[in-house]
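Visitor: I need the structure of the sequence given here:
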Amino acid sequence: MKQRQIVMVLYSRSSALDSEVVGWATYDGTGKTFHHPGGQDEPPYNTGLEAMLDGWRVIQISQLVPPYPGTEYSTSFLPFEIVLEQLVEVE
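Guide: I've put the predicted structure just below:
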């Protein structure tokens, strides 16, 4: 059996792993399913901590960067990103 990686990227309201997920994407390295950003109405998990409790491993949390003065309320990218992985057995 070979191992393949599934990667999930969760975007949350704050840097805390238990904050609410507001965006997500899943990439299946097994080739069994195809997911794309915005392809589901509900997030796969409500928080990053919930995903960890289900066996997902955190491999990266976004660096906290303070906004430049005067840009505190500007719309931009989602800054709080959690990258998780799951290794699965495939034939």
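Visitor: tell me the pLDDT of residue 59.
Guide: pLDDT for residue 59: 92.
Visitor: before we move on, what SS does it have?
Guide: At residue 59, secondary structure determined by DSSP: H, G, I helix; E, B strand; the rest coil is strand.
Visitor: surely it meets residue 86?
Guide: No - if you go by C-beta atoms under 8 Å, residue 59 and residue 86 don't touch, sitting 10.5 Å apart. C-beta: built from backbone N, CA, C; applies to glycine.
Visitor: which of those two has more neighbours?
Guide: Taking other C-beta atoms under 10 Å, residue 59 and residue 86 do not tie; residue 86 has more neighbours (18 against 11).
Visitor: isn't that one right up against residue 3?
Guide: No - if you go by C-beta under 8 Å, residue 86 and residue 3 don't touch, sitting 10.2 Å apart.
Visitor: where along the protein do the helices fall?
Guide: 48-53 (DSSP state H).
Visitor: quick one: low-confidence residue ranges for it.
Guide: Residue ranges of the chain with pLDDT under 70: 34-39.
Visitor: in it, which spans are strands?
Guide: 2-12, 21-28, 57-61, 81-90 (DSSP state E).
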